[in-house]
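S.K.: Sharing a sequence plus its predicted fold:
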Amino acid sequence: MNMDQLKRQAAARALEEVRDGMQLGLGTGSTAKHFVELLGERVAAGLKVVGVPTSEATRADAERCGVPLTTLDEIDHLDITVDGADEIDPELNLIKGGGGALLREKIVAAASDRMIVIADDTKWVPTLGKFPLPVEVIPFGLGATRRAIEKAFAECGVSGQMAVRKDKGGHVFVTDGGHWIVDAQLGRIVDPPGLAKALSAIPGVVEHGLFIGLASSAVLAGGEGIRVIERRKPKGDQE
């Protein structure tokens, strides 16, 4: 079974949690795209749901698949958000943002009663950090922001190279919100909650890819089948 089939398996398992009348957060990325496509099939068969997309790409996918959409201005909460992740640790802390949608993804996840993370089992790691940590920043004053980020890294016991993300054409990648992303190669993040708090306090940092206490469960697909991991603690507040 190839990676794409594993991602679709995880998406199908998450879809089993969806009930008629639910308000859903629709994640961004290759695994979340499978969920939107499968959800569209259920909607065509009569399922009544509405979704809030976490990116313009997901909006386009949902419209193509016939999934009705709404916004967080029109509804006051979401029942479930289903989204992928770049890394998942045993506490269900995540690194997200490889696709550049981390700000909207975090807003939507925080507005949800539950967040189900779907992934192939290569995303399960003992410690976060091998995947570069995305930090979404305001372009203005970037030098000062980078120095403050480096200081926060040092205070949290991590270090590594930082680079402004580029698109396939070699131009600076611009998020849906008009911001830039700095990717940090940290290797190993010893205290994800502490680093999340430190980064959130920096003027110029719009958001970061550490999702702490947001995921309720993870659905991992691998050669041995589907594994569902529930978070040990109730969903907490995100710094």
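M.R.: That came in fine, so what should we check first? Just so it is clear, the structure is predicted and the values come from calculations on it, not from any experiment.

S.K.: for the chain, what are the low-confidence residue spans?
M.R.: Judged by pLDDT under 70, the chain has its weakly predicted residues at 233-239.

S.K.: In it, where's the longest strand?
M.R.: strand 112-120 (DSSP state E).

S.K.: May I see the buried residues of that strand?
M.R.: Buried residues in strand 112-120, counted by 16 or more other CB atoms under 10 Å: 112, 114-120. To be clear about C-beta, it is placed using only N, CA and C from the backbone, and glycine gets the same treatment.

S.K.: and if you look at stretch 191-209?
M.R.: By neighbour count on 16+ other CB under 10 Å, the buried set for stretch 191-209 is 192-196, 198-200, 202, 204-209.

S.K.: Next: stretch 148-155.
M.R.: Neighbour-count burial for stretch 148-155 flags 148-149, 152-153 (criterion: 16+ other CB under 10 Å).

S.K.: Show me what V117 bridges to in the sheet.
M.R.: Taking DSSP bridges as the rule, V117 bridges to D83, A218.

S.K.: where do the strands sit along the chain?
M.R.: Using DSSP E, strands in the chain cover 23-26, 50-53, 78-83, 87-88, 94-95, 112-120, 133-137, 162-164, 180-184, 205-208, 210-211, 217-222, 225-230.

S.K.: how about those strands in JSON lines, adding distance to E17?
M.R.: Formatted as JSON lines, the strands of the chain follow (distance: least, CB to CB, whole Å):
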{"stretch": "strand 23-26", "distance to E17": "10"}
{"stretch": "strand 50-53", "distance to E17": "14"}
{"stretch": "strand 78-83", "distance to E17": "6"}
{"stretch": "strand 87-88", "distance to E17": "17"}
{"stretch": "strand 94-95", "distance to E17": "18"}
{"stretch": "strand 112-120", "distance to E17": "6"}
{"stretch": "strand 133-137", "distance to E17": "27"}
{"stretch": "strand 162-164", "distance to E17": "37"}
{"stretch": "strand 180-184", "distance to E17": "31"}
{"stretch": "strand 205-208", "distance to E17": "26"}
{"stretch": "strand 210-211", "distance to E17": "19"}
{"stretch": "strand 217-222", "distance to E17": "9"}
{"stretch": "strand 225-230", "distance to E17": "10"}
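
S.K.: Pick the most deeply packed of the ones you listed.
M.R.: Of all these, strand 94-95 carries the top mean neighbour count, a mean of 29, counting by mean count of other CB atoms under 10 Å.

S.K.: which helices and strands does that strand pack with?
M.R.: Secondary-structure packing of strand 94-95 (3 or more CB pairs under 8 Å, 6 or more residues apart in numbering; DSSP states H and E): strand 87-88, strand 210-211.

S.K.: Would you give the sheet partners of that strand, along with the direction of each?
M.R.: Strand 94-95 is paired, per DSSP bridges, with strand 87-88 (antiparallel), strand 210-211 (antiparallel).

S.K.: and the protein, what are its domains?
M.R.: Domain assignment of the chain by automatic domain parsing yields the ranges 3-125+213-230, 133-208.

S.K.: First-to-last residue distance for the first one?
M.R.: Read that as domain 3-125+213-230. For domain 3-125+213-230, the separation between the terminal residues is 23 Å (CA to CA, to the nearest Å).

S.K.: next one: stretch 92-108
M.R.: 17 Å.

S.K.: same check, this time on stretch 112-127
M.R.: Stretch 112-127 has an end-to-end distance of 25 Å (criterion: CA to CA).
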